[in-house]
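[1] Pasting the sequence and the predicted model now:
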Amino acid sequence: MATLKSLVFSRLVVGTNNIRALHVLNRLLSIRGTGHGQTKAHIEPRGALEQPVFSSSSIGTFYQDRPLLKNAFFEDPLLQKYLSRNLPSQVLGPVGADLAQFGQRIVEELDVLGQQCENSPPRLQHYDAWGCRVDRILTCSAWDRMKEISAEEGLIAAGYERTYGEWSRVYQMSKIYLYSPSAGLYTCPLAMTDGAAKVIESLGVTRPLEKAFQRLTCRDPQKFWTSGQWMTERKGGSDVANGTETIAQPQADGTYKLYGFKWFTSATDADMTLTLGRVADANGCTTQGSKGLSLFYAEVRDNQGNLNGIEIQRLKDKLGTRQVPTAELLLDGLSAQLISEEGRGVASIANMLTITRIHNTVSAVAAMRRIIQMGREYATKRIVFGKFLNGHPLHVQTMARMEVETRGAFLLMMEVCRLLGREESRLASELDFHLLRLLTPVAKLYTGKQAVAVVSEGLECFGGQGYMEDTGLPRLLRDAQVLSIWEGTTNILSLDVLRCLVKTQGQALEAFFTEVKAKLEAASGNQDLAPSVMAVDHALYKLGKFASAAARKAPSYLELAARDFSYSLANIYIGALLIDHAAWEGASHSDIYATLRWCERDLCTVASKEGSGCYNPETPNKDAMLVYEVSPLVTQSA
């Protein structure tokens, strides 16, 4: 107990301005380390004038030292090595310097603002003091400051200035990766802002959209805009083709008035939005299905600052992401401009989904990295059973497994960002295009699930403190849960993977095999990686065998296997990326060890599940029988 008191409390006090704590510090013991995370201490006798911490008790002097947030860039050797390996020297210097500086700003300024956003969630004011309907979303000053900082730091601009050519997206997403866990979820409006800018750029920055694009991508806090993404209606999220009921009425001046109900609109305090609607003809009739959907641009407020034909019905009460003002909106004559070809709305938002899914992936990996950084720091301060946590091999083993997951997810994230940068710089090969299309939904679905598992495991590293709201740790888990839901659930994205294969007539899968084989071939001479190379190569063989067999069966067969198939793609490609990184001359022993650990798993689960009959024709009926088994009491009653 004496050891614990002196160690943790002394560290706590050093970083505070607590006068009472300083008096206690004067009474605590000096500690000398004995190595391997263990300490020894002795108790000095109390002075005659010393008083106990509590007025009526001589005990209770222990306080657990909290984990300290440090510069996330300096605390992330994998990020540093990735940049050192891939970025040209003329790019690495300024990018590394900016990330280091930004990492420090997160510690000194942004993390506190993010916590304030969590503690002061948005409120909806329907009426002013005089009874007028105003529908104001009231956000805290920290949320407003996050918008200013996002502009100052170029968190969107960096992706469109393209100062660093094909590496501009890697630079931008690296910055958002550092920022995300401390952003108070301001990364949500940033994701949609980035997506809107991408759509406008891909459609062509015509005169009506020039102002919007400049504001979305500028660094001036006074001019910077954020964008919403209003796609979800009452009938469902991902099924926009059948779920969108919003009607667009043409106006004499060429604009449109939108009428409908948006059930879920994130970052409703945005300055503009992109949304889908069905254009009505002279008789008021619309075309159903995806062919009837068109894409519209609208500014949320008019020149007087009033809502532009919008009524905010209520704010959504969510499990997590409470910092983000998410609302139900009634569009009652929203003035908007058609920006896609009529009936080409779904195709026009494809680029937005690519960007927002990549942002989702970045947020997932960032959450994993943050919980590990805090957990390993805490393990040097928490003593249990006579040793620091990092002196318990089982604890370190658990964190090592979390680290392997996070490293794999990080490399997959960076691969997608790299491919996006090449595509936008017009350097992408046909193979790059196919890989970007295939890996974007794979990365999103896989890391979204990984984040929930790793962050949940990470909370255990703090024991009971991981469950206490005022530590700020539970927020990471609550907020992580949205990552597997937003921008398409795991099953929806798995089906999107299949659509990618069909639309490219198998070329995307061929590109996948080509790239994995190339990475394995490049590492074939490294004996340390031989077991990993063999494991990935064997998994690739099994995947190819499965794909060939599935192609000869009914579409329902591969649809039932879609989720396991997507997981197999992720496992195999991550294995190849880890091998590729570990074979680099600048790699460390830890890089090799992480690769070996990753490749010990079943990398091709779809082949294993096929062998056990999971996709046989009779399986769906058996699954339904299992899920909807009738209670014996109900059967007897019937």
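    Cool, the structure landed. Residues are numbered from 1 along each chain as shown.

[2] I'd guessed Y179 sits against L155; true?
    Yes: taking contact to mean CB atoms under 8 Å, the distance of 6.8 Å between Y179 and L155 places them in contact. Quick note: C-beta positions are derived from backbone N, CA and C, even for glycine.

[3] Would you mind putting the CA coordinates of stretch 74-81 into PDB?
    The C-alpha atoms that make up stretch 74-81 are tabulated as PDB, following Å, rounded to 0.1, in the frame of the first residue of the first chain:
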ATOM      1  CA  PHE A  74       5.400  10.500 -31.000                       C
ATOM      2  CA  GLU A  75       3.500   7.600 -29.300                       C
ATOM      3  CA  ASP A  76       2.800   5.900 -32.600                       C
ATOM      4  CA  PRO A  77       5.900   4.200 -34.000                       C
ATOM      5  CA  LEU A  78       4.000   2.400 -36.800                       C
ATOM      6  CA  LEU A  79       2.600   5.700 -38.200                       C
ATOM      7  CA  GLN A  80       6.100   7.200 -38.100                       C
ATOM      8  CA  LYS A  81       7.600   4.100 -39.900                       C
END
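
[4] So which residues of the stretch 351-500 of the chain form helices?
    Taking DSSP state H, counting those that start in this stretch as the criterion, the stretch 351-500 of the chain carries its helices at 393-424, 430-460, 474-480, 490-503.

[5] Reformat these into CSV and put mean neighbour count, mean pLDDT and distance to T287 next to each item.
    Rendered in CSV, the data for the helices of the stretch 351-500 of the chain read as follows (neighbours: other CB atoms under 10 Å; pLDDT from 0 to 100; distance: least, CB to CB, whole Å):
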stretch, mean neighbour count, mean pLDDT, distance to T287
helix 393-424, 21, 98, 32
helix 430-460, 23, 98, 27
helix 474-480, 21, 96, 39
helix 490-503, 18, 96, 22
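
[6] Out of those, which gets nearest to P325?
    Between P325 and these, the shortest separation by CB to CB is 14.9 Å, and it involves helix 474-480.

[7] Show me how far that closest one is from its chain's centre.
    Using CA atoms, centre = their mean, to the nearest Å, we find the averaged C-alpha position of helix 474-480 to lie 12 Å away from the chain's own average C-alpha position.

[8] Show residues contacting that helix.
    In this structure, residues lying in contact with helix 474-480 by CB atoms under 8 Å, 6 or more residues apart in numbering are 118, 181, 185, 319-322, 364, 367, 370-371, 451-452, 455-456, 458-459, 466-469.

[9] give me every residue that touches the spatially most central residue of the chain.
    Here the mean C-alpha position of the chain is nearest to the C-alpha of S363 (CA atoms, centre = their mean), at a distance of 2.2 Å. For S363, the set of contacting residues under the criterion of CB under 8 Å, 6+ apart consists of 180, 187, 191, 451, 483.

[10] tell me which of those residues is nearest to I572?
    Within the contacts of S363, the smallest distance to I572 is 20.3 Å, found for A451 (CB to CB).

[11] Could you verify my assumption that the closest one touches A364?
    Yes: taking contact to mean CB under 8 Å, the distance of 3.8 Å between A451 and A364 places them in contact.

[12] so what's in contact with the two at the same time?
    With contacts defined as CB under 8 Å, 6+ apart, the residues shared by A451 and A364 are 409, 480, 483.

[13] a markdown table for the residues you listed, including distance to K519?
    Conversion of the shared contacts of A451 and A364 to a markdown table gives the following (distance: CB to CB, whole Å):
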| residue | distance to K519 |
| --- | --- |
| A409 | 17 |
| A480 | 29 |
| L483 | 27 |
